[in-house]
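Predicted model, plus sequence, below.
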There are 2 protein chains.
Amino acid sequence: MSLSEFDIIDRYFAPLGGWQLTTTALGPGDDCAVLSPRVGHQICISSDTLIEGVHFPVAASGTLAAERSLAAAVSDLAAMGSEPMAATGALTLTEVSESWLKDFSSALAACIKEWQIPLIGGNISRGKELSITWTVLGSLPMGRYVTRGGAQLGDDIYVSGWPGRAGLALEQLIRHQEVAPELRQHYERPTPRIKIGQKIRPWVSAMIDVSDGLLSDLQHILLASKCGADLDVSALGFDVLLGEQTDSALHHLTHVLSAGDDYELCFTAPPSRRGELQSLAQVEVLPLTRIGQIVPGAGVLFSNLPPGVNASDLDGLMGYRHFQ
Amino acid sequence: MSLSEFDIIDRYFAPLGGWQLTTTALGPGDDCAVLSPRVGHQICISSDTLIEGVHFPVAASGTLAAERSLAAAVSDLAAMGSEPMAATGALTLTEVSESWLKDFSSALAACIKEWQIPLIGGNISRGKELSITWTVLGSLPMGRYVTRGGAQLGDDIYVSGWPGRAGLALEQLIRHQEVAPELRQHYERPTPRIKIGQKIRPWVSAMIDVSDGLLSDLQHILLASKCGADLDVSALGFDVLLGEQTDSALHHLTHVLSAGDDYELCFTAPPSRRGELQSLAQVEVLPLTRIGQIVPGAGVLFSNLPPGVNASDLDGLMGYRHFQ
């Protein structure tokens, strides 16, 4: 049986539209959805495209495609310090596989509730490759958004969570090695740091989510803030699991600095906020690791390199680029 | 020379971000853009994907791709009666053609200003086929949006402008026939009916933009409003140019009823609004053609068929469908 775009929407996506937030005035199904912004709040918006074979593996399950793609988009809301409000998804399919659509739809239903981001609209097309474009909207009090451009000299540089775990899981999957379950979940179902992003919003000076790789994304902060960074490389080796699962200090560092699959937050904050950030990390049971300092100049210096690693070994770790 | 995604953004898209509206708190370049909604207003949102070879011809110019794709998206804002506020674009390229990007960027710069919809963000990826997903945001006073579901028994049915002209232009292009300039502009640069949509908002009961074809999109109104339509087929032949350029009454009607390339508005309004709508059409120099009436039941009846055309000839004109 051949399904039309309307059949697919009715069967796999319309049921998801039944759950909305109080800010949703009109959900999916009309020419537009309508949102009622909270009084005194601003709206954050970001669009992200994820393509099979580029952002997730060819023949990935519907579950993985839904979870990774929506996480990547929602992560941008976290990086502004905003609260999720709504998402629209534009899905391009190469064929109609009902089992794939069922998995995609089920995983999506779980993610939108867990991350509190209702699906308010979308679009289905047929094309030559599978791709998903999410546009996500968030809400935050007037003027409180965190940009990439506010880092100040002397600020500490932090990264949340477990950067490198997802990238190592992907490497092991590609090499057909056994993947440790603790690594696998970081790749298959990354957790956008929505709650942490909102909690640290009052304390941080600049923030970005790590989508291209820590080093590459930190450079966006440095460029926007017109400053440099002194990275304490010894601090980057804090993840014991990653240490156990990698072959060498350089292999370990390579994943921490260049993997873009974790969707952690990289941010800067004045040293006066160390206490609050440490307490929050304990309460949330999530590392907020101080990895360096903002310094004059441009680019990144590496301090406290482990034995056997040279700064020149790290220069190439600039993350994923399209078209190069 | 090979350009990275960041080079492409810097060269062809960042300059467009220089023009913003007062509702734009933060334009492109950070994790999210930020909008300050107008007090007492709601936000309309719609996402649309357009794919080369499906929604515009293979090897279409950058100009045509920009103009048709953004028009299609903005048209959804018009169909709610809203005022454009912002757009984000996700562009997937198969290769980097600087001349194509230059044309695309120039055409986009003109469209965003003409339609007053600033570019606040986007995404560039590389994929196997050219596609563009636009997410557009509009603004309108609280509760004043027009859905597809408000048509009442006895309401008149209208269509704006010149439905069928763009579709006929495309047919002539595909057949390598000479295309009349008055037709060609409707295909190459459709005009989303933003101004008309906002002006008629207080008078209309239901509205949709014609993206799949007049008959197909009218059915969405009928389904959402739980009613039927009696179409006065003689009224659909009002476009003298279309009459001259088509081979027969059926050919003419086929384009009016099934072409989805014009992005006109189809709407319903009580007969008490005929005077206002007639005056507006004169002031705006744009036909607002009364083409039928809302009746009990479901589906579409055809009245006043021209000689040589049977209702059964029109049954198949249900517009473009993916996956069938």
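That came through fine.

For the closest residue to A:I132 other than its chain neighbours, give me the pLDDT.
Computed as CB to CB, 6 or more residues apart in numbering or on different chains, the closest residue to A:I132 that is not its neighbour in sequence is A:S69, at 4.6 Å. Every residue, glycine included, has its C-beta placed from N, CA and C. Per-residue pLDDT puts A:S69 at 94.

Then the one 4 residues further on?
At A:A73, the model reports a pLDDT of 96.

hang on, the earlier thing: am I right that the residue nearest to A:I132 is in contact with A:E52?
No: applying CB atoms under 8 Å as the test, A:S69 and A:E52 come out as separate, 10.1 Å apart.

Residue ranges in the stretch 201-324 of chain A under the pLDDT threshold?
Across the stretch 201-324 of chain A, the ranges flagged by pLDDT under 70 are A:318-324.

How about the one residue sitting closest to the centre of chain A: what's its closest non-neighbour residue?
Among the residues of chain A, the one closest to the centroid is A:Y263, at 2.8 Å (CA atoms, centre = their mean). Distances taken as CB to CB, 6+ apart place A:S75 nearest to A:Y263, at 4.0 Å, with adjacent residues excluded.

is it true that the one you found touches A:G260?
No: at 10.6 Å, A:S75 and A:G260 do not qualify as touching, with contact defined as CB under 8 Å.

okay, and the common contacts of those two?
Shared contacts of A:S75 and A:G260 (CB atoms under 8 Å, 6 or more residues apart in numbering or on different chains): A:S211.

Tell me which of the two has more neighbours.
Legend: neighbour count by other CB atoms under 10 Å in any protein chain shown for A:S75 and A:G260, higher for A:S75 (28 against 21).

got a list of what the more buried one touches?
Taking CB under 8 Å, 6+ apart as the test, what A:S75 contacts is A:P190, A:P192, A:R193, A:D209, A:S211, A:Y263.

What is the most widely separated pair among the residues you listed?
A:R193 and A:S211 (12.2 Å; CB to CB).

In terms of packing, which of those two has more residues around it?
Neighbours per residue (other CB under 10 Å) separate A:R193 from A:S211, with A:R193 holding more: 28 against 22.

Let me see the ranges of the strands in the stretch 51-200 of chain A.
With DSSP state E, counting those that start in this stretch, the ranges of strands along the stretch 51-200 of chain A come out as A:83-93, A:119-126, A:131-141, A:156-160.

Determine how far the second one lies from the middle of the whole chain.
By that I understand strand A:119-126. Distance, stretch centre to chain centre, for strand A:119-126: 22 Å (CA atoms, centre = their mean, to the nearest Å).

what angle sits between it and strand B:131-141?
Note on geometry: by axes from the mean of the first three to the mean of the last three CA atoms, to 10 degrees, strand A:119-126 and strand B:131-141 are set 150 degrees apart in direction.

Run me through the strand neighbours of strand A:119-126, direction for each.
Neighbouring strands of strand A:119-126 in its sheet, by DSSP bridges, are strand A:83-93 (parallel).

wait, which of the contacts of A:S75 is closest to B:F13?
Nearest member of the contacts of A:S75 to B:F13, counting by CB to CB, is A:S211, at 18.2 Å.

ok, for that closest one, nearest residue in space, not its chain neighbours?
Using CB to CB, 6+ apart, the nearest residue to A:S211 is A:G260, at 5.2 Å.
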